[in-house]
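Participant: Give me coordinates for this.
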Amino acid sequence: MLEWNNLIATIANVNLQAGNDTITWTLSTSGNFTVRSMYRYLITNHIKVTHEIWRVKLPLKIKIFLWFLKKGVIQTKDNLAKKIGKEANIHASTVI
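Facilitator: Modelled structure (predicted):
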């Protein structure tokens with residue numbers, strides 16, 4: 001019963017208007033989904049991505065982004081620095 005009362009309280013102030021519905025991604029200023037906005041949200045909220053992402057009801061592109069993030073293949077500053085550092089070491093060792 002408590003859940004029902006919470007639901008009623010939540011929707012009591014919803015105002016419906018005539019017209020077409022629009023989907024807005026609230027994590028970006030443009031209102032459109034971006035990998036950057038999702039990444040910032042996850043990092044800011046210390047959310048760890050697990051194999052459970054495939055069970056969650058999310059658009060596929062978001063699930064794939066989360067999976068890439070977990071695998072460490074998203075080119076964040078730290079990953080990019082590691083990659084560039086490794087390539088620099090490889091080039092330096094072949095020159096010597």
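Participant: what's near enough to touch residue 61?
Facilitator: For residue 61, the set of contacting residues under the criterion of Cβ atoms under 8 Å, 6 or more residues apart in numbering consists of residue 33. All C-beta atoms are positioned from the backbone trio N, CA, C, and that covers glycine.
Participant: where's it, which helix or strand?
Facilitator: The secondary structure element spanning residue 61 is helix 60-71 (assigned by DSSP states H and E).
Participant: in that helix, what's buried?
Facilitator: Of the residues in helix 60-71, those buried under the neighbour-count criterion (16 or more other Cβ atoms under 10 Å) are 63, 65-66, 69.
Participant: quick one: that helix to chain centroid distance?
Facilitator: Distance of helix 60-71 from the chain centroid (Cα atoms, centre = their mean, to the nearest Å) equals 8 Å.
Participant: Tell me which stretches of the chain form helices.
Facilitator: 2-11, 35-44, 60-71, 77-95 (DSSP state H).
Participant: before we move on, back to that, Throw the buried residues of helix 60-71 into TSV and include pLDDT and distance to residue 6, thanks.
Facilitator: As requested, the buried residues of helix 60-71 are exported to TSV (pLDDT from 0 to 100; distance: Cβ to Cβ, whole Å):
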residue	pLDDT	distance to residue 6
63	85	28
65	83	31
66	82	28
69	77	32
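Participant: quick one: contacts for the most centrally placed residue in the chain?
Facilitator: The centre of the chain sits closest to residue 38, judged by Cα atoms, centre = their mean, with a distance of 2.9 Å. Listed by Cβ under 8 Å, 6+ apart, the contact set of residue 38 reads 27, 62, 65-66.
Participant: and of the residues you listed, the nearest to residue 81?
Facilitator: Distances from the contacts of residue 38 to residue 81 were compared by Cβ to Cβ; the smallest belongs to residue 65, at 20.8 Å.
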